[in-house]
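Engineer: structure of the sequence below:
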Amino acid sequence: MNLLSVRIITGEIERLISFYEHITELSIVRYTPDFAELRTATTTLAIGSTKTLQFFGGDEVAKPEQNQSVIIEFRVDDVDNDYERLSAYLKGSIVQEPTVMPWGNKSLLFRDPDGNLVNFFTPVTPEALGRTERN
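Structural biologist: Numbers count the residues shown, from 1 in each chain. As a prediction, this is how the structure comes out:
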């Protein structure tokens, strides 16, 4: 089994598409006005408007802007460089400036426009580097 995708449901899809394109410097593919994907080498971040909920059983299946438990994580080459690049853009949204965590990652934690937590991290210890390498 492989985890292929995580999806965010939003009431303002263009706002989130613009945000994730800006922070990742990657292009997002828009399949319809209500569904888009940001693809990386290891997984996909899908962004769907609330209009897509009709295909999953109705508007009560998911609620935008109410995430209180999930952190969307991106491994980056140098979290300090990304912090410098994004600090003005993320002003008011940064939860934690780059900090070395007990498990060996240096992490920058911030919120996207819908309030979802996003973590940019760089492994900085040998143990952390070993955990994040994929075969």
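
Engineer: mind checking which helix or strand the residue nearest to the spatial centre of the chain is in?
Structural biologist: Geometric centre of the chain, nearest residue: Ile72, 4.1 Å, by CA atoms, centre = their mean. Following DSSP states H and E, one finds Ile72 within strand 71-75.

Engineer: just to revisit the earlier point, wait, isn't the residue nearest to the centre of the chain in contact with Val118?
Structural biologist: Yes - between Ile72 and Val118 there is a contact under CB atoms under 8 Å: 5.0 Å. Backbone N, C-alpha and C define where each C-beta goes, glycine included.

Engineer: who touches both of these two?
Structural biologist: Asp112 (CB atoms under 8 Å, 6 or more residues apart in numbering).

Engineer: residues near the nearest residue to Val76 once chain neighbours are set aside, how many?
Structural biologist: Nearest non-adjacent residue to Val76, counting by CB to CB, 6 or more residues apart in numbering: Phe120, 4.8 Å away. Number of residues near Phe120 (other CB atoms under 10 Å) recorded here: 24.

Engineer: specify the beta-bridge partners of Phe120.
Structural biologist: Counting by DSSP bridges, Phe120 is bridged to Phe74, Leu108.

Engineer: contact partners for it?
Structural biologist: Neighbouring residues of Phe120 by CB under 8 Å, 6+ apart: Ile23, Glu73, Phe74, Val76, Val79, Asp82, Tyr83, Ser107, Leu108, Phe110.

Engineer: can you say which of the residues you listed are buried?
Structural biologist: For the contacts of Phe120, a neighbour count by 16 or more other CB atoms under 10 Å gives the buried set as Ile23, Phe74, Val76, Val79, Asp82, Tyr83, Ser107, Leu108, Phe110.

Engineer: no further queries at this time; thank you.
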